[in-house]
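Undergrad: Sharing a model prediction with you, sequence too.
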Amino acid sequence: MTEHAHNISCIEVWRYICRHHGEDENSKECQAVKQHIAECPHCSAYCDSMEKMIGLFRSNSPTFPEQAKKNLVDLLHEALISTKDKQSDETGNSTTT
Amino acid sequence: MERAEEFELIEKAKSGDKHALEKLVEEFAPMVFRFSFNVCRNQEKAEHTTQETFLSVLKKLHQFDNRSKFSTWLYTIVSNHCFMLARKEKANRFVSLDEEESVMPEKTITPWEESPLSRVEQGEIRRLLDEGIERLSPDYRIVFVLRDIEGLSTNEISKITNLSVPAVKSRLHRARAFLRNFLTPYFAEEFHD
């Protein structure tokens, strides 16, 4: 582990990468971190592995199955009908009372 | 979808318009399903949570006031359903990320493969990602998925989860570091040479 560029240690950089990855990229702190990463093989490898890890999760997200969509639409139609029936029952009851 | 179009659709759905509701499903159910799947890592549970989320939407749609984005509101509902489902899981399966040591990387950083997908089979990758996520407790999972898979800002996540921004960042830091460490033995260069 090294403490060379801009007096930031690798541990501080790793914490920073985890917390701020993809955000706040123009802050002074971020510029110092970027500078450190550019000069430090440990941190550039850490940053690279973090991006690849996130990429793995992103590329392994499934699509919504057609059958599941159909089931969902059917379920909502039934729920909508039962809500309307309930409302008209309540209206009917309140009219008669 | 533009905000104006979204607003119109929601207003129609509020008045019980079947086609508007279908359009909302068309537009937002894939997002809800993807989020659920990534949190619970199970297709059946993800479909169930997606259904529960839209049933809640149907019940509570009149409460939605268009001040936030519809997607933010949906993420709040689906997160709650994921939490409820996760409460039934055994808590002792989850890794404790309270100590800094538990998320520290190896002493000398091992670089990952140029293309992590090239050497590990697709089925095996899926299993490893499932295993990694399942070791995280739901509050860490939800923050990680919202930020790194769904691409929301920490401010939006703070609103959805009711956590402060520093708390969101802290959970994100620990979840990312844990997952990266967990997967390193499988994707680092030196472990394959």
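TA: Arrived safely, thanks for sending. Numbering: from 1, shown residues only, chains lettered A, B, ... in the order given.
Undergrad: Residue ranges in chain A under the pLDDT threshold?
TA: A:1-8, A:18-26, A:84, A:86-97 (pLDDT under 70).
Undergrad: Break down it into its helices, ranges please.
TA: Under the criterion DSSP state H, chain A carries helices at the ranges A:10-20, A:28-39, A:41-59, A:66-96.
Undergrad: what's the spacing between the most centrally placed residue in chain B and B:Arg67?
TA: For chain B, B:Val145 is the residue whose C-alpha lies nearest the centre (CA atoms, centre = their mean; 3.0 Å). Relative to B:Arg67, B:Val145 is positioned 24 Å away (criterion: CB to CB, to the nearest Å). To be clear about C-beta, it is placed using only N, CA and C from the backbone, and glycine gets the same treatment.
Undergrad: count of residues packed around residue 65?
TA: Defaulting to chain A. 14 (other CB atoms under 10 Å in any protein chain shown).
Undergrad: Wait, chain B was what I had in mind.
TA: Neighbour tally, B:Asp65, other CB under 10 Å: 7.
Undergrad: before we move on, what SS does it have?
TA: coil (DSSP: H, G, I helix; E, B strand; the rest coil).
Undergrad: Wait, a helix at B:Lys107?
TA: No - using three-state DSSP, the assignment for B:Lys107 is coil, not a helix.
Undergrad: I'd guessed B:Ala46 sits against B:Pro30; true?
TA: No - using CB atoms under 8 Å, B:Ala46 is not in contact with B:Pro30; the gap is 11.1 Å.
Undergrad: Pick out whichever of these two has more residues nearby.
TA: Shown here are B:Ala46 and B:Pro30; by other CB under 10 Å, B:Ala46 has more neighbours (26 against 18).
Undergrad: How much space separates that one from A:Arg58?
TA: Distance from B:Ala46 to A:Arg58, by CB to CB: 16 Å.
Undergrad: quick one on the thing from earlier: pick the most buried one from the helices of chain A.
TA: Burial of the helices of chain A is given as mean neighbour count (mean count of other CB atoms under 10 Å in any protein chain shown); helix A:10-20 ranks first at a mean of 20.
Undergrad: Counting by contacts, list what that one packs against.
TA: Applying 3 or more CB pairs under 8 Å, 6 or more residues apart in numbering or on different chains; DSSP states H and E, we find helix A:10-20 packed against helix A:28-39, helix A:41-59, helix B:165-187.
Undergrad: The first one and chain B in contact?
TA: Translated: helix A:28-39. No - Helix A:28-39 stays clear of chain B (CB under 8 Å from any CB of the partner chain), getting no nearer than 11.6 Å.
Undergrad: Convert the C-alpha atoms of that helix to PDB, please.
TA: Presented in PDB, the C-alpha positions along helix A:28-39 are these (Å, rounded to 0.1, in the frame of the first residue of the first chain):
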ATOM      1  CA  LYS A  28     -11.300  19.000  -5.200                       C
ATOM      2  CA  GLU A  29     -11.200  15.800  -3.300                       C
ATOM      3  CA  CYS A  30     -12.200  13.800  -6.400                       C
ATOM      4  CA  GLN A  31      -9.500  15.500  -8.500                       C
ATOM      5  CA  ALA A  32      -6.900  14.400  -5.900                       C
ATOM      6  CA  VAL A  33      -8.200  10.900  -5.900                       C
ATOM      7  CA  LYS A  34      -8.100  10.700  -9.700                       C
ATOM      8  CA  GLN A  35      -4.500  11.900  -9.600                       C
ATOM      9  CA  HIS A  36      -3.600   9.300  -7.100                       C
ATOM     10  CA  ILE A  37      -5.400   6.500  -9.100                       C
ATOM     11  CA  ALA A  38      -3.500   7.500 -12.200                       C
ATOM     12  CA  GLU A  39      -0.200   7.100 -10.400                       C
END
